[in-house]
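K.L.:
Predicted structure and sequence below. I'll ask about it afterward.
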Amino acid sequence: CPLLSLQNVSKVYANGTVALEGVNLTLHPGEFVSLVGPSGCGKSTVLRLVAGLGEVSRGSLDWHNREQERQLAFVFQDAALMPWASVLDNVHLPLKLKGKRLRPSRANLQEAINLVDLQGFEQSYPRELSGGMKMRVSIARALVTKPTFMLMDEPFGALDEMTRGRLNDDVLNLWAQKHWTVLFVTHNIYEAVYLSTRVVVMAARPGRIVDDIPINQPHPRT
Ligand code: ADP
Ligand code: ADP
């Protein structure tokens, strides 16, 4: 059964911008879905609505099981690290703020740091890291919450092609290993086709879905 579905969703921002109109999208557990399309077609708006950052203006967004909603994690384009905090504290701090129910042990934090191959950099500061390493810190920060559903908003858009390729493979490995569902925003069609089990194509003015294409992946998947 589906993880969540958006039915006839429209989003009008306070200034009157119609960011989305009549969007229908159903996600199933284990899918890797990329949203592609030109700037301004509403990709980030879809992600933010799914993350609960803002309300739909019309239509509905329904979770099949509300428990799933709490297991989502969001990775932003700019890594959004706190510059004054070490790698370890960056991975830890957002969870500290959420309260003790989610407070991970040092072993949990280390496990997340190891999964993104940053062992040895626990005490480094963001300014000492490359762009790819910063993104990996941001992925580690998402990992400690043990998400089952990953929302990624152009996470690798600012990186060089080599680094982007490596991180794409890291995300695919985590997706397979952790049985994630992923909703991934990119304007890079090659990246979308490489990563996804399904590519959803959007168009602008108003933001809408114009195609929804299953991809038969050649790489082994779980
Ligand atoms: P994309 O991620 O595809 O570039 P967005 O979802 O960011 O598209 O934006 C869709 C449309 O909504 C654009 O026209 C954008 O300018 C507008 N928009 C996005 N966020 C806001 C906001 N907070 N207030 C008003 N308009 C917004
Ligand atoms: P990434 O794919 O993480 O961006 P880079 O190509 O920037 O990787 O760097 C390759 C490797 O070099 C990194 O994984 C890391 O081990 C090391 N490295 C990169 N930047 C630094 C740095 N500022 N200090 C120490 N080691 C670094």
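P.N.:
Ah, there it is. Ligands and ions are numbered 1, 2, ... in the order given.

K.L.:
Around ligand 1, which positions in the chain sit nearby?
P.N.:
By CB under 6 Å from any ligand atom, the residues of the chain that approach ligand 1 are 13, 15, 17, 19, 37, 39-45, 207. (C-beta placed from N, C-alpha, C; glycine too.)

K.L.:
so where's this structure shaky on pLDDT?
P.N.:
For the chain, applying pLDDT under 70 flags the ranges 96-103, 219-222.

K.L.:
Extract the C-alpha set from the lengthiest helix in it and format it as PDB.
P.N.:
Across the chain, the longest stretch assigned as helix under DSSP state H is helix 161-178. Output of helix 161-178 as PDB, limited to C-alpha atoms (Å, rounded to 0.1, in the frame of the first residue of the first chain):
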ATOM      1  CA  GLU A 161      30.700  16.200 -11.200                       C
ATOM      2  CA  MET A 162      33.200  13.800  -9.700                       C
ATOM      3  CA  THR A 163      32.000  14.500  -6.100                       C
ATOM      4  CA  ARG A 164      28.400  14.400  -7.200                       C
ATOM      5  CA  GLY A 165      29.000  10.900  -8.800                       C
ATOM      6  CA  ARG A 166      30.500   9.600  -5.600                       C
ATOM      7  CA  LEU A 167      27.700  10.900  -3.400                       C
ATOM      8  CA  ASN A 168      25.100   9.600  -5.800                       C
ATOM      9  CA  ASP A 169      26.500   6.100  -5.200                       C
ATOM     10  CA  ASP A 170      26.700   6.700  -1.500                       C
ATOM     11  CA  VAL A 171      23.000   7.600  -1.500                       C
ATOM     12  CA  LEU A 172      22.100   4.500  -3.600                       C
ATOM     13  CA  ASN A 173      24.000   2.300  -1.200                       C
ATOM     14  CA  LEU A 174      22.200   3.700   1.800                       C
ATOM     15  CA  TRP A 175      18.900   3.500   0.000                       C
ATOM     16  CA  ALA A 176      19.400  -0.200  -0.600                       C
ATOM     17  CA  GLN A 177      20.900  -1.000   2.700                       C
ATOM     18  CA  LYS A 178      18.500   1.000   4.900                       C
END
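
K.L.:
what about it and ligand 2, any contact?
P.N.:
Yes: interface with ligand 2: helix 161-178 contributes 163, 166 (CB under 6 Å from any ligand atom).

K.L.:
What strands flank the helix or strand just after that helix, and is each parallel or antiparallel?
P.N.:
Next along the chain after helix 161-178, taking DSSP states H and E as the criterion, comes strand 181-185. Partners of strand 181-185 in the sheet, by DSSP bridges, are strand 32-36 (parallel), strand 149-153 (parallel).
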